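1. quick one: sequence plus predicted model below, questions after.
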Amino acid sequence: MSSTAIESTADTLSRLGINADFASSAPNLHKNLQLLSSGQIELAKMLLEMGQSHLFEHWADPGVDDEEKKGFFDQVDRLNSSYPGGLASYVKSARQLLADSQAGKNPFDGFTPSVPKGEVLTFGDEDFINFEEAGIREAQKAAFVLVAGGLGERLGYNGIKVALPAETASGTCFLQYYIESILALQEASCRLVQGLSPPNGNCDAISGECGCQTRIPFVIMTSDDTHARTVELLESNSYFGMEPAQVKLLKQEKVACLDDNDARLAVEPRNKYRIQTKPHGHGDVHALLFSSGLLKIWHDAGLRWVLFFQDTNGLLFKAIPASLGVSSTRQYHVNSLAVPRRAKEAIGGITKLTHADGRTMVINVEYNQLDPLLRATGQVDGDVNDETGFSPFPGNINQLILELGPYIEELTKTGGAIKEFVNPKYKDASKTSFKSSTRLECMMQDYPKTLPPSARVGFTVMDAWLAYAPVKNSPEDASKVPKGNPYHSATSGEMAIYRANSLILRKAGVQVANPVQQVFNGQEVEVWPRITWKPKWGPTFAEIKRKVCGNCIISQSSTMVIKGRNVFLEDLSLDGALLINAVEDAEIKVRGSVQNKGWILENIDYKDASVPEQLRIRGFRINKVEQFEKNYSEPGKFSLEP
């Protein structure tokens with residue numbers, strides 16, 4: 001090093017307040033200081049003050065790997081700027097949580113669980129319909145946030161999960177279904193607020209043109225794994241009909257891995273100039289929204305609600321209008337959507353926790369923590385079913401509705417940071433070393449943990465058949481699920497959509513045949529008629545009831561796909577496959593009898609590599625033997641009588 005470089009380095013160290021200990025604690029870093037900017041030296045100082053000198057232990061001399069060394073500080077800068085409070089805060093939290101984990105500290109120590117207050121809805125009754133209407137009114141004041149950072153590898157699918165077909169009768173992928181559902185809510189809300197909805201008579205067409213300018217914002221949280229592919233899916237499909245300006249993508253960064261109980265940051269095994277990183281969890285969505293400035297924009301635009309949901313639940317939007325109506329009517333700051341859960345079922349329970357010091361919070365408690373917590377606080381039987389046949393603690397499905405004003409107030413205090421946890425895999429009972437590096441994690445649904453007792457936190461329970469059919473297990477994992485428990489696979493997820501649509505039509509007065517039992521990919525499932533429709537056809541139960549009248553009958557082997565808003569079923573008898581495609585301003589009344597050989601489900605082996613992955617993971621394909629299809633590309637009133 002030249003004398004000039006030495007003087008320059010000395011000046012820099014002096015200005016940054018770095019003393020001689022700097023050189024002794026990280027000699028290899030000290031040799032390379034002349035390569036670094038003052039900002040990079042500041043980051044190096046921070047790392048050393050955090051006890052991370054090991055990161056520089058194997059650095060080469062100047063002139064070797066210089067670009068890699070600069071790349072190291074680019075990574076440190078990203079890790080530091082993307083975490084609320086920076087890396088110093090991350091390491092401080094990690095040391096505390098690791099110490100608690102090593103000591104076996106119970107995070108619920110001092111808390112007593114009880115059942116919180118909430119709303120339990122029965123699909124189709126008067127209360128449900130009233131809550132749905134209230135929710136539709138509120139929809140134009142809402143923003144939707146999709147947490148979509150994961151790939152489908154666990155499912156046996158190599159793409160992004162939101163690109164998977166939710167069901168194969170129409171071929172609609174999850175992201176398309178979500179966008180079309182938001183657009184349907186947007187239109188229905190505008191029509192209701194403008195008074196364009198018709199009276200309660202059956203099979204009445206909607207009159208009047210909706211000139212509403214409301215555009216419901218839609219945010220997608222992506223990750224390094226999913227971002228580019230999500231952009232490609234949106235762009236190649238013209239955003240599935242949504243205006244591109246309505247959609248914002250926020251990319252989640254990973255967090256640093258930890259090597260030991262001292263929270264030493266882990267170095268990549270194959271690259272000494274990179275810190276090992278892993279996902280932090282979907283709780284990051286709160287910090288991303290806060291730092292993006294979107295919340296303030298929404299608030300200034302008069303929005304009132306933010307709805308969070310996850311990537312592969314094909315039933316979710318059937319439950320959203322009524323749930324949003326509950327939030328509005330009950331004035332909940334936080335509303336967790338939930339389903340009935342059986343005692344000890346492997347799904348978290350919505351629980352009110354009251355501490356000995358008077359603190360309270362309403363949060364999700366994981367199923368493996370709830371039962372021992374109940375027993376430890378005097379409820380000797382633990383988590384047991386009540387007279388309803390279900391646990392009194394409703395099952396969390398990770399769908400949250402937050403009131404925007406209080407949400408902004410809370411995030412202004414916390415910066416969006418969510419209470420974290422750590423789950424190290426120890427080598428042995430001494431808990432002194434890990435099998436592999438760990439990291440801090442956070443969950444979206446833990447947001448209420450920091451709320452004051454005055455916060456109005458509740459839940460809305462709906463039947464699982466209406467609200468919850470996640471697709472998250474591979475065929476191998478699903479086939480091992482104990483009989484009677486949900487498979488949560490692509491197979492069960494698709495069948496759940498047909499079941500829900502069949503039951504909704506039954507409630508609306510249609511005679512829908514009972515299902516049959518079939519086995520696909522080792523999973524025994526109920527096969528209902530393959531009924532599916534675009535969200536704009538039936539955004540609410542009241543809307544569906546209005547479009548069905550007379551004596552309609554659908555056989556078990558039938559398929560019906562409705563793609564159009566103003567399609568009315570009158571005295572329809574269906575035994576086969578019926579497909580209707582109609583433009584917005586076409587009004588079609590479908591009457592009479594449709595009979596043909598229909599579409600048949602054929603078993604396929606999930607190990608058969610000649611079959612596309614999205615079909616293999618279901619265990620069946622649709623053989624379209626015969627169908628009756630009618631397309632309406634022009635506006636007008638039409639009568640379809642085959």
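-> Now that the structure is in, tell me what you want to look at.
2. for stretch 257-266, measure first residue to last.
-> Counting by C-alpha to C-alpha, to the nearest Å, you get 5 Å between the two ends of stretch 257-266.
3. swap in stretch 109-124?
-> 42 Å.
4. next, the buried residues of it.
-> Buried residues in stretch 109-124, counting neighbours by 16 or more other C-beta atoms under 10 Å, are found at F111, T112, P113, S114, V115, P116, G118, E119, L121, F123, G124. No exception for glycine: its C-beta is placed from N, CA and C like everyone else's.
5. please report how far D284 lies from C549.
-> If you measure D284 against C549 using C-beta to C-beta, to the nearest Å, the figure is 48 Å.
6. in the chain, which helix is the longest?
-> Ranked by number of residues, the top helix in the chain under DSSP state H is helix 174-193.
7. off-centre distance for that one?
-> How far helix 174-193 lies from its chain's middle: 18 Å, per C-alpha atoms, centre = their mean, to the nearest Å.
8. show me what that helix is packed against.
-> Helix 174-193 sits against helix 126-139, strand 142-147, strand 218-222, helix 227-236, helix 316-330, with contacts defined as 3 or more C-beta pairs under 8 Å, 6 or more residues apart in numbering; DSSP states H and E.
9. what mean pLDDT does the third one have?
-> With pLDDT averaged residue by residue, strand 218-222 scores 97.
10. who does that strand touch, helix- and strand-wise?
-> Partner elements for strand 218-222 (3+ C-beta pairs under 8 Å, 6+ apart): strand 142-147, helix 174-193, strand 247-251, helix 284-292.
11. direction included, what does that strand pair up with?
-> If you go by DSSP bridges, strand 218-222 pairs up with strand 142-147 (parallel), strand 247-251 (parallel).
12. mean neighbour count, mean pLDDT and distance to A464 added to those strands, as TSV?
-> Listed next are the strands paired with strand 218-222 as TSV, based on neighbours: other C-beta atoms under 10 Å; pLDDT from 0 to 100; distance: least, C-beta to C-beta, whole Å:
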stretch	mean neighbour count	mean pLDDT	distance to A464
strand 142-147	24	98	20
strand 247-251	17	97	30
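13. of these, which is nearest M444?
-> strand 142-147 (6.3 Å; C-beta to C-beta).
14. now that closest one and helix 316-330, what's the angle there?
-> Orientation of strand 142-147 against helix 316-330 (axes from the mean of the first three to the mean of the last three C-alpha atoms, to 10 degrees) gives an angle of 130 degrees.
15. so how far is strand 142-147 off the chain centroid?
-> With C-alpha atoms, centre = their mean, you get 9 Å for strand 142-147.
16. contacts only, for F317.
-> Y177, Y178, S181, L185, P535, P539 (C-beta atoms under 8 Å, 6 or more residues apart in numbering).
17. of the residues you listed, closest to R95?
-> Y178 (39.7 Å).
18. residues near that closest one, how many?
-> By the criterion of other C-beta atoms under 10 Å, Y178 has 27 neighbours.
19. which parts of the stretch 301-450 of the chain are strands?
-> 305-310, 334-339, 349-355, 360-365, 395-403, 420-422, 440-442 (DSSP state E, counting those that start in this stretch).
20. which strands and helices sit next to the second one?
-> Contacts defined by 3+ C-beta pairs under 8 Å, 6+ apart place strand 334-339 against helix 316-330, strand 360-365, strand 395-403, strand 457-461, helix 464-467.
21. same question for the fourth one.
-> The helices and strands touching strand 360-365, judged by 3+ C-beta pairs under 8 Å, 6+ apart, are strand 334-339, strand 349-355, strand 457-461.
22. so which of the ones you listed is nearest L404?
-> Evaluated with C-beta to C-beta, the helices and strands packed on strand 360-365 place strand 334-339 nearest to L404, the distance being 11.7 Å.
23. got the buried residues for the helix or strand where T491 lies?
-> In this assignment (DSSP states H and E), T491 forms part of helix 490-507. For helix 490-507, burial by neighbour count (16+ other C-beta under 10 Å) applies to 490-505, 507.
24. how about stretch 236-250?
-> Burial within stretch 236-250, assessed by neighbour count using 16+ other C-beta under 10 Å, is assigned to Y239, F240, M242, Q246, V247, K248, L249, L250.
25. go through stretch 571-587 and flag the buried ones.
-> Buried-residue list, stretch 571-587, by 16+ other C-beta under 10 Å: 572-582, 586-587.
26. any chance of those residues in TSV, with pLDDT too?
-> As requested, those are arranged in TSV below (pLDDT from 0 to 100):
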residue	pLDDT
L572	98
S573	98
L574	98
D575	98
G576	98
A577	98
L578	98
L579	98
I580	98
N581	98
A582	97
A586	96
E587	96
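27. does G325 touch A134 like I think?
-> Yes. At 3.4 Å, G325 and A134 qualify as touching, with contact defined as C-beta atoms under 8 Å.
28. so between those two, which is more surrounded?
-> G325 (27 against 19).
29. tell me how this structure divides into domains.
-> Domains of the chain are assigned by the TED database as 9-82, 477-641.
30. least reliable of those domains by average pLDDT, please.
-> Taking the mean pLDDT of these, domain 9-82 comes last: a mean of 86.
31. now that one, how far from the centre of its chain.
-> Offset of domain 9-82 from its chain centre (C-alpha atoms, centre = their mean): 39 Å.
32. same check on stretch 543-558?
-> With C-alpha atoms, centre = their mean, you get 32 Å for stretch 543-558.
33. and stretch 453-464, by the same measure?
-> 18 Å.
34. how about the helices in the stretch 401-550 of the chain?
-> Along the stretch 401-550 of the chain, counting by DSSP state H, counting those that start in this stretch, helices occupy 404-414, 464-467, 475-479, 490-507, 541-546.
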